[in-house]
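*Asks:* Structure for this input, please:
(2 chains)
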Protein chains: 2
Amino acid sequence: MHYGYFNGTIAPTDQLAVGITDLGLLRGYGLFDYFLTYNGKPFQWDWYWERFQNSAMRMHLPLPVTKNETFGIITDLIERSVDAGTSADMAFRFVMTGGYSADSISIEQPNLLILTESIHPVPAIQYEQGIKVILDEYVREMAEVKSTDYKRVILMAEAIRAARASDLLYQKGGEISELSRSNFFIVKGNQIITPDRHILHGITRRTVMQLAQTDFEVIERSVLLSELYDADEAFTTSSTKKVLPIVQIGDLTIADGHVGPTSKFLLQQFDELTRNW
Amino acid sequence: MHYGYFNGTIAPTDQLAVGITDLGLLRGYGLFDYFLTYNGKPFQWDWYWERFQNSAMRMHLPLPVTKNETFGIITDLIERSVDAGTSADMAFRFVMTGGYSADSISIEQPNLLILTESIHPVPAIQYEQGIKVILDEYVREMAEVKSTDYKRVILMAEAIRAARASDLLYQKGGEISELSRSNFFIVKGNQIITPDRHILHGITRRTVMQLAQTDFEVIERSVLLSELYDADEAFTTSSTKKVLPIVQIGDLTIADGHVGPTSKFLLQQFDELTRNW
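*Replies:* Numbering: from 1, shown residues only, chains lettered A, B, ... in the order given. Sure, this is the predicted structure:
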């Protein structure tokens, strides 16, 4: 059983519900964050908190809890979940909305949810064979804020399925930004290159960039579609996907279509970091 | 007391709540519609239903109820609200989301809310003096779909207040589309002109265009910012605002800054139509 926190109350998540005047529900005015625990400890907590705080500020929502209070809530939720027989490794989802609104448009006080969830790991075969993504001409509004606006990928679910692909790769005017819920990298020789704008600054992205610095030249810059033709490898990063190889982008096969050594190496490095977290 | 419908159940709206795995809440995947009743009868019901159905289709959400069933629910809700001592003239808000999702991204079955609300009429002084709006370089994503995505205007609330304005007027590259929750018109001599793209096709817009046809030339086409300089009048339309004059747009005063005769005339026509609905 999973537990969650809602505006000061802790309860099993299936008993939590939000009133119907919530601005997240009525107006899409909400932000979130999402991270995993390893060995029962929140992974990269400082970085996630910093990003959550930044998203809230960018959406003009005052945080109703401090960092320490929030860490206390997280600890409490982990303990309760473990006592209820759930694994100590779980996902946390923070959701903050504009709160209940009398006139359906004005913010009064935010609603804050802190939820524990099961982790949905990527099937092992996807790490062995790599995934296919399809291109989509799109840029998320306020991409650097982790708003709840994920309409696009849900709207495109049928197109993704029809192409036997796993996700979308967003590009605009030939410049690549990110996948629908994860960041994008290409490998060229000793260089690891990742887009620097119109993206959400992923914590796994940041972790992988840090891990890669010892062995590779890590570069943040614009990445063009045309660069995919001579890339050695491509991969995507997120808390759930970790370092997931991409072997096909639309009709284009990346290099020889097999998972490359750099993606494998970085995944190993990442797994080692989390194993010892 | 107001009543509402949620997935087959009718209850007082303050007792309705949505579970926390709802895709409207978690992912901004939702659409809505909003209309008023006059003399206890839904205004322009056929047109609103048609639009709601179209929004649902465009967002790939199957409607769980037919038009007739929905009209039955509306009638029931009006009767209960009237029995509970509420005015027969009220607002209806339909909200449909991607529903509860086990993995926080895949649609299983939509959630449908049909809510009754009090009407929040525009203060009389705004009809007498007209309103000020400020320009904002923005186009709503999928503007023609009444999605729940109203982040922009909530985000800009402080800027609107600071300018002592009432709303935003969206433009992109000098082309005007709409206000944040209502349509836009200008008057030039005998012509009534309204933008034809990047807009939500308002039912009040459609009603006013129909009413105006007898006395004016009604034109749907691109409207440029540069045309505001020699416009005789400007106004906005929505179910709540009806026909609301705009006398200032950013630093620009429209004509002599007073409410013009055409806006007044069209408001009278609209009021007459609703009085006899």
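*Asks:* Give me the distance between A:S147 and A:D196.
*Replies:* Remark: distance between A:S147 and A:D196 (Cβ to Cβ, to the nearest Å) = 20 Å. For glycine as for every other residue, the C-beta is placed from the backbone atoms N, C-alpha and C.
*Asks:* Looking at these two, which is more packed in?
*Replies:* Neighbours were counted for A:S147 and for A:D196 using other Cβ atoms under 10 Å in any protein chain shown; A:S147 has more, 25 against 13.
*Asks:* Who are the contact partners of the closest residue to A:Y150 other than its chain neighbours?
*Replies:* In space, A:Y150 comes closest to B:R27 once its chain neighbours are excluded; the distance is 4.2 Å by Cβ to Cβ, 6 or more residues apart in numbering or on different chains. Residues near B:R27 by Cβ atoms under 8 Å, 6 or more residues apart in numbering or on different chains: A:T148, A:D149, A:Y150, A:K151, A:I154, B:G98, B:S104, B:I105.
*Asks:* List only buried entries from those residues.
*Replies:* A:T148, A:D149, A:Y150, A:K151, A:I154, B:G98, B:S104, B:I105 (16 or more other Cβ atoms under 10 Å in any protein chain shown).
*Asks:* Okay, and A:I176 sits in which element?
*Replies:* Assigned by DSSP states H and E, A:I176 belongs to strand A:175-179.
*Asks:* which strands and helices sit next to the helix or strand just after that strand?
*Replies:* Next helix or strand after strand A:175-179 toward the C-terminus (DSSP H and E): strand A:183-188. Strand A:183-188 sits against strand A:175-179, strand A:191-194, helix A:203-212, strand A:233-238, with contacts defined as 3 or more Cβ pairs under 8 Å, 6 or more residues apart in numbering or on different chains; DSSP states H and E.
*Asks:* and strand A:183-188, what's its mean pLDDT?
*Replies:* For strand A:183-188, mean pLDDT is 98.
*Asks:* For stretch A:57-74, C-alpha coordinates in CSV please.
*Replies:* What follows is stretch A:57-74, C-alpha atoms only, in CSV (Å, rounded to 0.1, in the frame of the first residue of the first chain):
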residue,chain,number,x,y,z
MET,A,57,8.6,30.3,-8.3
ARG,A,58,8.3,30.5,-12.1
MET,A,59,4.6,29.7,-11.7
HIS,A,60,4.2,32.3,-8.9
LEU,A,61,3.1,29.7,-6.3
PRO,A,62,4.4,30.1,-2.8
LEU,A,63,5.7,26.8,-1.3
PRO,A,64,3.6,25.9,1.8
VAL,A,65,6.4,23.8,3.3
THR,A,66,10.2,24.2,3.8
LYS,A,67,12.8,21.9,2.5
ASN,A,68,13.3,20.3,5.9
GLU,A,69,9.6,19.9,6.5
THR,A,70,9.3,18.2,3.1
PHE,A,71,12.2,15.9,3.9
GLY,A,72,10.4,14.9,7.1
ILE,A,73,7.2,14.1,5.2
ILE,A,74,9.2,12.0,2.7
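*Asks:* which residues does A:A143 contact?
*Replies:* Counting by Cβ under 8 Å, 6+ apart, A:A143 has contacts A:S177, A:E178, A:H198, A:I199, A:L200.
*Asks:* rerun at 10 Å
*Replies:* A:D149, A:Y170, A:S177, A:E178, A:R197, A:H198, A:I199, A:L200, A:H201 (Cβ atoms under 10 Å, 6 or more residues apart in numbering or on different chains).
*Asks:* which phi and psi does it have?
*Replies:* phi -60, psi -30 (degrees, to the nearest 10).
*Asks:* That one: what's its closest spatial neighbour, skipping adjacent residues?
*Replies:* A:H198 (4.8 Å).
*Asks:* For that neighbour, which residues are in contact?
*Replies:* Here A:H198 is in contact with A:138-140, A:143-144, A:170-172, A:175-178, A:222 (criterion: Cβ under 10 Å, 6+ apart).
*Asks:* Which stretches in the stretch 101-250 of chain A count as strands?
*Replies:* A:111-117, A:131-137, A:167-172, A:175-179, A:183-188, A:191-194, A:217-220, A:223-224, A:233-238, A:242-249 (DSSP state E, counting those that start in this stretch).
*Asks:* Lovely, talk soon.
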